[in-house]
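Undergrad: Sequence and predicted structure are below.
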Number of protein chains: 2
Amino acid sequence: MIQPNIPETGQPRVVIVGGGFGGINLAKQLKKAPVQVVLLDRNNYHLFQPLLYQVSTAGLEPDSIAFPLRGIFGRQKNFHFRMAEVKGVRPEERILETGIGDIRYDYLVLATGSNTNFFGNKLIEEHAIGMKSLIEAVQIRNYVIKQFEESLLLADEAEIKAKLTFAVVGGGPTGVEMAGAISELRKYILPKDYPELPLDCMEIYLIEAGPRILPALSDLSSARAENGLRALGIRVLTNVLVKNYDGQTLLLANGDQIATKSLIWAAGVKGVPVNGLPQDTIIPSGRILVNEFCQVKGFDNLYAIGDIAQMTNDPRFPKGYPMVAQVAIQQGKLVAANLVKQLKRQPLQAFHYKDLGSLATIGRNKAVAEIGKMKWSGRFAWFIWMVVHLMSLLGFRNKMVVFINWCYRFFTFDRGTRIIIKRGAANIVKLRQSVLTEEAVGH
Amino acid sequence: MIQPNIPETGQPRVVIVGGGFGGINLAKQLKKAPVQVVLLDRNNYHLFQPLLYQVSTAGLEPDSIAFPLRGIFGRQKNFHFRMAEVKGVRPEERILETGIGDIRYDYLVLATGSNTNFFGNKLIEEHAIGMKSLIEAVQIRNYVIKQFEESLLLADEAEIKAKLTFAVVGGGPTGVEMAGAISELRKYILPKDYPELPLDCMEIYLIEAGPRILPALSDLSSARAENGLRALGIRVLTNVLVKNYDGQTLLLANGDQIATKSLIWAAGVKGVPVNGLPQDTIIPSGRILVNEFCQVKGFDNLYAIGDIAQMTNDPRFPKGYPMVAQVAIQQGKLVAANLVKQLKRQPLQAFHYKDLGSLATIGRNKAVAEIGKMKWSGRFAWFIWMVVHLMSLLGFRNKMVVFINWCYRFFTFDRGTRIIIKRGAANIVKLRQSVLTEEAVGH
């Protein structure tokens, strides 16, 4: 019989759902608090999402941006991890329903993050490629390299063109970085690996619905980034809405059509709420309404942090805080402090977001960075971008492996991990069904 | 329409099937030969199989032991690669049938390697875990870590014991190294990551049908390795045949039973022949009979090298050469030379195997090595083992990443890649069906 088997220690139990930036910072800060910390995640690793696009474009190995959650908390005595899928919550009973059984909690913190938002368009959802999980990134890598390999097998130029045209939707940092990385594949890998392919057949589009890319940055940085992308030969379309996509043809709201086999969707994310919360706590984007202490509306022992939390206590962000790592990290730390205050019956502290700046890289030696009133672009911004990302990566091994890969790429213009890992047909042994994963075979 | 699209250069075309040790050494040696070289492989990478077991046991990232084939031959002008599944051969027409269409050849070299041999036992084949491909290694890693995670959810000690017992069948280097690596997981990772699990529940068996492990090495090295494994707490069973396995209970020929959820099969490999060859050229183990020039019996333009080739010109190896990298490498180089001789109508050179020695590692600071008449064990053998493997790895990036991982592991006793990469349930976009892979999604 499967059961969560979490020992009762007599201390109040804080259950955290999600091992992203919010969840791990919260759990870490509770290290010395008089509570039992139970972290749940469907995966056994923390994923450094900002570098997912480099996995997708054969620049990094998937393992280098994933860090085993048990490794982070190895020495934290009050910490328990369980790999589990969360099904729902029964707040009145203080019970969390999971794939490994019901788990009792005294305090519950939802840090479930976000998922790709296709804004209800089922056809796009079916044919576009999302960019939120490690396996999606590996699939994109497989897919992109397969487009190159398969193009070699085609004689018709229109077919080749559709195979080699990549459309990235969404002009935020993810979309910008993805488009830039694909253009580096075109510049450095395609001519070397596929000299037989006509280079001018490959087109890269970056499509943004709003008036400018990188809307979170200043007009200046935005314009610099756009010029940088254009210089790389990327077709940047702004004020253009995507209407539909059937896997062959991308239809834009202005009537234009683009023949492409590859639509990468970085146009938005939505919260991943948990079943069982009152309907009036969840807004249409899936985020959960919280007060300035991150408490879910109507509860004092139920918190939400990060992408999933919708807090509107700051006039700068009337639609809620941006769904970025910094908000999640700061909210995680705040909730840790507030939980301790709550146990001591002290007044809670309100969330105040400290914006540490924004960064986006366009390609080799090219990036934009804004910290406070300072704005940089070009090589120095690119250097800042690398240092910030390297320092934020968990674990010495991961830092080193990413650093080696970056150095290798910088000096050789090569991308080392351009391999297609596929399931074989025969001779792959079917591993037994597991309660922890939906599928029999691992991946 | 899909077609191989290989240009006709007027030069004789040498088609090589398989990008393993044999295939790539052959193709490299033909760099300056007056021939067109066409390499086919179902994957787009060369896999360094000797380190697969380290991927399986969370010691290395999968990408670090795979090297893109196009990267190896980037500057070789007479070289063409196509990612393709080979279906069969029509020798009388000099046509190779593949998933991307028929390919004409003047000379064909089969270097298709070997696959796990379950010796016809379907039940074992269904329930055991093979160890020949990158995806199998990642699946084993997922599976092993899942056994730990799931053990936490069980209360019954017999059930926990079955989950934590690993049986490795086959006492060759693969089985020895795998058993050793699992025992390191038990020693260093289990107590740290899973302090709640009873350590003594985990058992590791290494089961060999013959009288001693590492039969290719001397009695002395074999005994040293066995003592080393026993010192690590591995139960080494020799002269024991495996009778059956239903996924729960391993039945041995002596009547003993072992309750285990994990049977890792390293007991043998068999050749992967190509359809269309005369029946009398293929022996029951799947290998293809070749003469001393690696020519398939009855043909002068059809060669086989490496694991798939059965050559018995050496009285030291009456049953054919061992299925190891060195034989494949040396045969690949020989066939390259012989193809040039054949074009010049010069007499061909017979294969003479130069045994460079054998190595097997048991664990940290423990290995056995034999080169010529020299025999080492312990730390020095372990050092030799590492240097030989690092030097044999293709590519500077891979060497560096493996080196970093080894250093990290040596100094921290940690294993950095203990992550479970699984397919998600929802929100994984179904990538479109491809001619290059059997399945829609990459992996």
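TA: Everything's here; your move.
Undergrad: For the stretch 1-150 of chain A, just list every one of the helices.
TA: Using DSSP state H, counting those that start in this stretch, the helices of the stretch 1-150 of chain A run over A:21-29, A:52-56, A:69-72, A:122-127, A:134-151.
Undergrad: Compare those helices and give me the one nearest chain B.
TA: helix A:134-151 (2.9 Å; CB to the nearest CB). In this view, the C-beta of every residue, glycine as well, is placed from N, C-alpha and C.
Undergrad: And the next helix or strand past the closest one?
TA: helix A:157-164 (DSSP states H and E).
Undergrad: circling back: format the helices of the stretch 1-150 of chain A as TSV; extra columns: distance to A:Arg13 and mean neighbour count.
TA: Shown next, in TSV, are the helices of the stretch 1-150 of chain A (distance: least, CB to CB, whole Å; neighbours: other CB atoms under 10 Å in any protein chain shown):
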stretch	distance to A:Arg13	mean neighbour count
helix A:21-29	13	25
helix A:52-56	32	26
helix A:69-72	18	22
helix A:122-127	37	16
helix A:134-151	29	23
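Undergrad: Take those and lay them out in a markdown table including mean pLDDT and distance to B:Gln11.
TA: Shown next, in a markdown table, are the helices of the stretch 1-150 of chain A (pLDDT from 0 to 100; distance: least, CB to CB, whole Å):
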| stretch | mean pLDDT | distance to B:Gln11 |
| --- | --- | --- |
| helix A:21-29 | 97 | 57 |
| helix A:52-56 | 93 | 38 |
| helix A:69-72 | 93 | 54 |
| helix A:122-127 | 93 | 43 |
| helix A:134-151 | 91 | 24 |
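Undergrad: Pipe these into CSV and attach distance to chain B per row.
TA: Shown next, in CSV, are the helices of the stretch 1-150 of chain A (distance: least, CB to the nearest CB, whole Å):
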stretch, distance to chain B
helix A:21-29, 15
helix A:52-56, 10
helix A:69-72, 4
helix A:122-127, 7
helix A:134-151, 3
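Undergrad: Give me the mean pLDDT for stretch A:84-91.
TA: Here stretch A:84-91 scores 95 as its mean pLDDT.
Undergrad: before we move on, what about stretch A:266-274?
TA: 90.
Undergrad: Let me have the helices of the stretch 1-150 of chain A in TSV, extended by distance to A:Gln346.
TA: Listed next are the helices of the stretch 1-150 of chain A as TSV, based on distance: least, CB to CB, whole Å:
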stretch	distance to A:Gln346
helix A:21-29	16
helix A:52-56	40
helix A:69-72	28
helix A:122-127	46
helix A:134-151	40
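Undergrad: Near the residue in the stretch 151-300 of chain A that chain B sits nearest to, how many residues? Count them for me, please.
TA: Nearest residue of the stretch 151-300 of chain A to chain B: A:Asp193, at 4.1 Å (CB to the nearest CB). Residues contacting A:Asp193 under the criterion other CB atoms under 10 Å in any protein chain shown number 24.
Undergrad: so it sits right up against A:Phe148, yeah?
TA: Yes: counting by CB atoms under 8 Å, A:Phe148 is a contact partner of A:Asp193 at 7.1 Å.
Undergrad: Going along the chain, name the strands of the stretch 201-350 of chain A.
TA: A:204-207, A:235-237, A:242-245, A:249-252, A:257-259, A:262-265, A:269-271, A:288-289, A:302-304, A:309-310 (DSSP state E, counting those that start in this stretch).
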